[in-house]
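S.K.: could you work out the structure for the sequence below:
(chains A and B)
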Amino acid sequence: MNFDKEFDASGLSCPLPILKTKKALADMSSGQVLKVIATDSGSVKDMQAFADQTGNALLATEEVSGKFTFFMKKK
Amino acid sequence: MTTKKMAIIATKGTLDMAYPPFILASTAAALGYEVQVFFTFYGLQLLRKDLSTVMISPLANPAMPMPVPMPVMVQMLPGMESMATMMMKQKLKKHGVASLQELRDLCLEAEVKFVACQMTVDLFEFEKSEFIDNIEYGGAATFLGFAGDTDICLFV
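M.R.: Below is the predicted model:
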């Protein structure tokens, strides 16, 4: 999937992946896609909850051997 | 959409109990909430410039997982508190959990409002210079003024 920006939150625990996602989105423009990589298994539910509550769209979640990749489209 | 609001009363000043208010406050702010945390009694320790005095004790804390079972008589020996604190901090770091300092900074950056309880500041004879700068001081009525209009209100 195409994206405009990415960051790696591997090794970070709740709530850092969410807080860093929020920060990363702040510098982006509407419609741009952010790719986030995380290893915190709790982030799967949390990223969806973040998307639901902020109106940003979680386009896809992928998991490859304990690494989660999220694609978040800015509102 | 109207902005959601959350109020938290932070009354504990130990390392373990410092996490919930800072985690919830920073996360709620990231979700777009307007957040206020009211620090009273021992919670005031979390507003000090120097957070290195925030510790955890194994004593009277039977639920704390220990690497080896430790009798209370041993837990009360000098230095056990520092050791438990050091071990807990190492564990937090190993698991990628943010430090208190980091979470507090993230709260401030996200414009979480911190209010120190004036009565307990006076009671414990704290100097305002011991606390971080960007906080306000107020009492129960100040807290209720904000809390009365919130969607989430927690006592920690």
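S.K.: make it CA atoms for all contacts and neighbour counts henceforth
M.R.: Will do.
S.K.: and stretch B:132-139, how far out from the chain's middle?
M.R.: Distance of stretch B:132-139 from its chain centroid, counting by CA atoms, centre = their mean, to the nearest Å, is 14 Å.
S.K.: whoops, stretch A:45-57 was the one
M.R.: The chain centre lies 9 Å from the centre of stretch A:45-57; the measure is CA atoms, centre = their mean.
S.K.: indicate the residue of chain A located nearest to chain B.
M.R.: Nearest to chain B, among the residues of chain A, is A:Leu12, at 4.2 Å (CA to the nearest CA).
S.K.: surely that residue is in contact with B:Gly96?
M.R.: Yes. Contact criterion CA atoms under 8 Å: A:Leu12 and B:Gly96 qualify, at 4.2 Å.
S.K.: can you pull the pLDDT of the residue of chain A most remote from its centre?
M.R.: In terms of distance from the mean C-alpha position of chain A, A:Ser65 ranks first, at 17.6 Å (CA atoms, centre = their mean). On pLDDT, A:Ser65 comes in at 91.
S.K.: could you do B:Met70 as well?
M.R.: For B:Met70, the pLDDT comes out at 87.
S.K.: for chain A, see how far away it is.
M.R.: 29 Å (CA to the nearest CA, to the nearest Å).
S.K.: on that earlier part again, show the contacting residues for the residue of chain A closest to chain B.
M.R.: By CA atoms under 8 Å, 6 or more residues apart in numbering or on different chains, the contact list for A:Leu12 reads A:Ala38, A:Thr39, A:Asp40, B:His95, B:Gly96, B:Val97, B:Ala98.
S.K.: where does it land in three-state SS?
M.R.: coil (DSSP: H, G, I helix; E, B strand; the rest coil).
S.K.: which SSE is the most centrally placed residue in chain B in?
M.R.: Nearest to the mean C-alpha position of chain B, counting by CA atoms, centre = their mean, stands B:Ala18 at 3.1 Å. Here B:Ala18 sits within helix B:15-30, counting by DSSP states H and E.
S.K.: establish whether the helix or strand that that helix is followed by and chain A are in contact.
M.R.: Note on helix B:15-30: by DSSP H and E, the next helix or strand toward the C-terminus is strand B:34-39. No. Applying CA under 8 Å from any CA of the partner chain, one finds strand B:34-39 separated from chain A by no less than 13.3 Å.
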